[in-house]
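[1] quick one: sequence plus predicted model below, questions after.
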Amino acid sequence: MFGFTYFAPTKVVFGKDTEKQAGALVRACGGSRVLVHYGGSSALKSGLIGRVVKSLDEAGIFHVELGGVVPNPHLGKVREGIELAKQNDIDFLLAVGGGSVIDSAKAIAYALADPDHDVWELFQGKRSAVGCFPVASILTIAAAGSEMSNSCVITNELTGEKRAYNDDLARPRFAVMNPDLTKTLPDYQTESGCADIMMHTMERYFTQGGNMELTDEIAEAVLRTVMKYAKILHADPQNYEARAEVMWASSLAHNDLTGCGNDGGDFATHMLEHEMGGMFDVTHGAGLAAIWPSWARYVYKECMPRFVRYAIKVMGVKDEGQGDEQIALEGIAKMEEFYRSIGMPTNMRELGITPTEEQILEMARSCREACGGKQGSAKVLYEEDMANIYRMAL
């Protein structure tokens, strides 16, 4: 195993009606002037924003609201939030929504801490953050894990670039998690979230060496649990226990717990999907499901022990002397069966996109640039490899 630093400072408040504690939690964190950031009209129609605002009012906290965050959150909305926050002397960002809203809030928070520089420079890799205003979340979608992570992904809608920036400065101060708030999600969004949760775990699992037994066991438990309850939610979307299990898994999958002792993870599938999301605006979790089987078949020979372990311990493949390669391939095939069982795609055509050869080459070029030339741990991928995986996924 490798040495590691584990940092998970986010306070979690989990359970029914916990959004009503928003005002007290913000006050305890020192917030006095809050930007309440959210996505679509459903947060308003459901009464959630009203309950949050009431809680802030009861705590005597000034607030302004900014909605309109979309999936694959746009840089333009971030810039709108920056200006609104400056005009109102905001000192705290409260994201009410899923990963897209939280990421948008994080980007605004970075900009407020360094007003003399363009926040997009962080995502272009031109500089590092010098500070970040405090961010917290009231989670309504179990998927991205941004409520406890250091990660932030923003799309420049003018250029089609979808880029990530990771920094512990942006780890949220608290995360309010009421599983009831996820019950109104469409099935496709729920299952896309489950695919994203699993991928956050799998990115840290398929690595070369440096693995820790306890971390592996935790990761495998997270994966098996999400698979179990994803199927339950596919049939019974109002099941509170299933919503709760998946919501907690979302946070554990991306707060670095499932990566302790490894080399930092692979994350090639994520980088490949970012280009798909930037070019075609696909749902992130579904995009991950569509590209992973092709990535897996492209790299498994370079990382055979991990794929064999995954097949046996997560996918339930029986080791009956058939050989490592057959076990690994059966595990990948069973993963595809699982995706289809919850309505997720296993290739780009099932996702609803058919990129041309020119678009494949453009995505591979852009992915290589975003990665700094190469990406991967299970197998290091270069631009040609990236293009090959996109072709396989058609």
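    It's in.

[2] and Ala175, what element?
    Ala175 belongs to strand 174-177 when assigned by DSSP states H and E.

[3] which of the residues in that strand are buried?
    Going by neighbour count (16 or more other CB atoms under 10 Å), the buried part of strand 174-177 is Phe174, Ala175, Val176, Met177. In this view, the C-beta of every residue, glycine as well, is placed from N, C-alpha and C.

[4] against the centre of this protein, work out the most remote residue.
    Gly321 (37.3 Å; CA atoms, centre = their mean).

[5] residue boundaries of the strands in the stretch 101-250 of the chain?
    With DSSP state E, counting those that start in this stretch as the definition, the stretch 101-250 of the chain shows strands at residue ranges 135-139, 151-156, 161-166, 174-177.

[6] and Leu94, which of the three is it?
    strand (DSSP: H, G, I helix; E, B strand; the rest coil).

[7] quick check: Ile82 vs Asp167, distance?
    Ile82 sits 17 Å away from Asp167, going by CB to CB, to the nearest Å.

[8] pick the most deeply packed of the strands of the stretch 101-250 of the chain.
    strand 135-139 (a mean of 29; mean count of other CB atoms under 10 Å).

[9] run the chain-centre distance for that one.
    14 Å (CA atoms, centre = their mean, to the nearest Å).

[10] adjacent strands (with direction) for that strand?
    Paired strands of strand 135-139, with direction, are strand 92-97 (parallel), strand 174-177 (parallel) (DSSP bridges).

[11] need the contact partners of that strand.
    19, 22, 25-26, 29, 48, 52, 92-98, 101-102, 105-106, 109, 146-147, 170, 172-178, 181-182, 247, 250 (CB atoms under 8 Å, 6 or more residues apart in numbering).

[12] quick check: mean pLDDT of the lengthiest helix in the chain?
    Assignment by DSSP state H gives helix 213-235 as the longest helix of the chain. Mean per-residue pLDDT for helix 213-235: 98.

[13] got the end-to-end distance for stretch 2-13?
    End-to-end span of stretch 2-13 (CA to CA, to the nearest Å): 32 Å.

[14] in that stretch, what counts as buried?
    Quick answer for stretch 2-13 (16+ other CB under 10 Å): Phe4, Thr10, Val12, Val13.

[15] can you check stretch 231-251 too?
    Applying 16+ other CB under 10 Å to stretch 231-251 flags 231, 233-234, 237, 239, 242-251 as buried.

[16] show me what that stretch is in contact with.
    By CB under 8 Å, 6+ apart, stretch 231-251 touches 12, 14, 139, 142-145, 147-148, 175, 177, 179-180, 182-183, 185, 187, 190-191, 193-194, 196-197, 222, 225-226, 228-230, 341-343.

[17] report the buried members of those residues.
    If we count by 16+ other CB under 10 Å, the contacts of stretch 231-251 have these buried: 12, 139, 142-145, 147-148, 175, 177, 179-180, 182-183, 185, 190-191, 193-194, 196-197, 222, 225-226, 229-230, 342.

[18] please settle this for me: is Leu35 part of a strand?
    Yes. Under three-state DSSP, Leu35 falls within a strand.

[19] quick one: residues contacting it.
    63-66, 81, 84-85, 88, 90, 92-94, 105, 108.

[20] who wins on neighbours among those?
    Most neighbours among these, by other CB atoms under 10 Å: Ala105, with 34 neighbours.
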